[in-house]
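Enquirer: Requesting a structural model of the entry that follows:
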Amino acid sequence: MSDCAQIRDVDAAPSTDPSRLMAMSTAYWESQVLLTAVRIGLFEHLATGAKRAEDVASLLQLQLRPMTLFLNACVALELVERQDEGYVNAAVSRDFLVAGKPSYMGNAFRYCDNLYGAWGDLEKTLVSGAPAVEPVSYLGGNDEQTRHFVYGMHNRALAIGQAMTRIVDLSGRRKLLDIGGGPGTFSALFVQRYDELEATVLDLPGVAAIAGEILDTMGVSNRVVRLPGDYLKTPFPQENDVVLICGVLHRESPVTCRDMIRRAVDALTPGGLLVTSDVFTDAGHCSPPFSALFGLNMALTARCGGVHADADVAEWMAQVGLVEITTKPFPQPMPHRIVLGCKGGEQVS
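Expert: Numbering: from 1, shown residues only. Coordinates of the predicted model:
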């Protein structure tokens, strides 16, 4: 064999394994099984007892052959188990995918389902710079999408908020302003934990209307006031000793974020506490992977959407005079982080 042939053989041999590329290219297969199962109500039907494929197809008015393949895929993904008497929910599906349970996450997955088409239009967003999904559709413009969005936020915020109330100490605080608070879940959890605390949640009218339902179910509507408005335009209520900006900064540009932080500080009393929480990246904006991908998701769904580094937020806080600035991660596997700081002056006792 000639030297040239040997060189060609060496060049043709890859030095890496393409398995991860193959897994990435088919990852949507798995997500569509989950999202479709939630959408058609599969887990609610299986929650009443084991069912054969024929039973499921009949109940859902679907075709038996693809339904059987679908159920077997659910088994492979450990969403469903197959027993002698038929298919039943796996433990994780019983815990999180059956409507009516306190731990139900189906609304969050329905919101992800609504975004599936947007990810298919990723290239269009790269070309135009515009989001593939207009925010108005899920912020009041479309009743069904808005409901999925708000209840999806609530489903996620329950776990996030429970962690946050253990991380952030609001002892002695009495007045909380929740900017862009969506369903009001964070405010509700804080006032449940602290008897002397009352809260105001500022968000868009369509979102605030649904938030009222959620606050009623949590038994705190007498201590959490809804303020319909636009956090970019509506003046912030003053004299708060806590301001929350949670899950909001990823919708806005750095310029808008800095301005919102400045306005939040103006709305604090001396010694007041500003708490921001979001999916933040490390300083280089490329890690962790979920956070980098989350930023891309926000570009598809908000005109200024993206992701910020927690170090940037800490710097913006310092620029407006906050002190004792601290960054705290949430417990794993939650990707969220908290950045908080105090307004100079007498501390709350």
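Enquirer: Below-threshold pLDDT in the stretch 201-349 of the chain: ranges please.
Expert: The stretch 201-349 of the chain contains residues with pLDDT under 70 at 346-349.
Enquirer: got the contact list for the nearest residue to residue 247 once chain neighbours are set aside?
Expert: In this structure, residue 247 finds its nearest non-sequential neighbour in residue 278, 6.0 Å apart by Cβ to Cβ, 6 or more residues apart in numbering. In short, each C-beta sits where N, CA and C put it, glycine included. With contacts defined as Cβ atoms under 8 Å, 6 or more residues apart in numbering, residue 278 is in contact with 246, 247, 248, 249, 250, 308, 313, 336, 337.
Enquirer: Check what pLDDT residue 2 gets.
Expert: Residue 2 is assigned 51 on the pLDDT scale.
Enquirer: and if you look at residue 136?
Expert: pLDDT, read off for residue 136, is 71.
Enquirer: Confirm it sits in a helix?
Expert: Yes - remark: residue 136 belongs to a helix, assigned using DSSP: H, G, I helix; E, B strand; the rest coil.
Enquirer: So what's the residue count around it?
Expert: Residues lying near residue 136 (other Cβ atoms under 10 Å) number 13.
Enquirer: that older thread, so of the contacts of residue 278, which ones are in helices?
Expert: Of the contacts of residue 278, the ones assigned to helices by DSSP state H are residue 313.
Enquirer: Would you reformat the contacts of residue 278 as JSON lines and include distance to residue 33 and neighbour count?
Expert: Formatted as JSON lines, the contacts of residue 278 follow (distance: Cβ to Cβ, whole Å; neighbours: other Cβ atoms under 10 Å):
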{"residue": "246", "distance to residue 33": "31", "neighbour count": "23"}
{"residue": "247", "distance to residue 33": "28", "neighbour count": "21"}
{"residue": "248", "distance to residue 33": "32", "neighbour count": "21"}
{"residue": "249", "distance to residue 33": "33", "neighbour count": "26"}
{"residue": "250", "distance to residue 33": "28", "neighbour count": "22"}
{"residue": "308", "distance to residue 33": "33", "neighbour count": "23"}
{"residue": "313", "distance to residue 33": "37", "neighbour count": "27"}
{"residue": "336", "distance to residue 33": "27", "neighbour count": "20"}
{"residue": "337", "distance to residue 33": "31", "neighbour count": "20"}
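Enquirer: between the contacts of residue 278, which is closest to residue 124?
Expert: Distance to residue 124, by Cβ to Cβ, is smallest for residue 250 among these, at 20.8 Å.
Enquirer: which one among the contacts of residue 278 gets closest to residue 108?
Expert: residue 247 (12.5 Å).
Enquirer: wait, is residue 324 part of a strand?
Expert: Yes - assessed by three-state DSSP, residue 324 belongs to a strand.
Enquirer: On the three-state scheme, residue 177 is what?
Expert: Under three-state DSSP, residue 177 falls in the strand class.
Enquirer: And the pLDDT for it?
Expert: Looking at residue 177, its pLDDT reads 98.
Enquirer: Likewise for residue 193?
Expert: Residue 193 carries a pLDDT score of 97 in this model.
Enquirer: Also residue 10?
Expert: pLDDT recorded at residue 10 is 51.
Enquirer: measure the residue nearest to residue 247 to residue 258 for me?
Expert: To residue 258, residue 278 is 15 Å away according to Cβ to Cβ, to the nearest Å.
Enquirer: now the strands for the stretch 51-200 of the chain?
Expert: Using DSSP state E, counting those that start in this stretch, the strands of the stretch 51-200 of the chain run over 80-83, 86-89, 175-179, 198-203.
Enquirer: Nearest to residue 122, out of those strands?
Expert: Residue 122 sits nearest to strand 198-203 of all these, at 27.9 Å, using Cβ to Cβ.
Enquirer: Parallel or antiparallel, list what pairs with the closest one.
Expert: Next to strand 198-203 in the sheet, as set by DSSP bridges, lie strand 175-179 (parallel), strand 224-228 (parallel).
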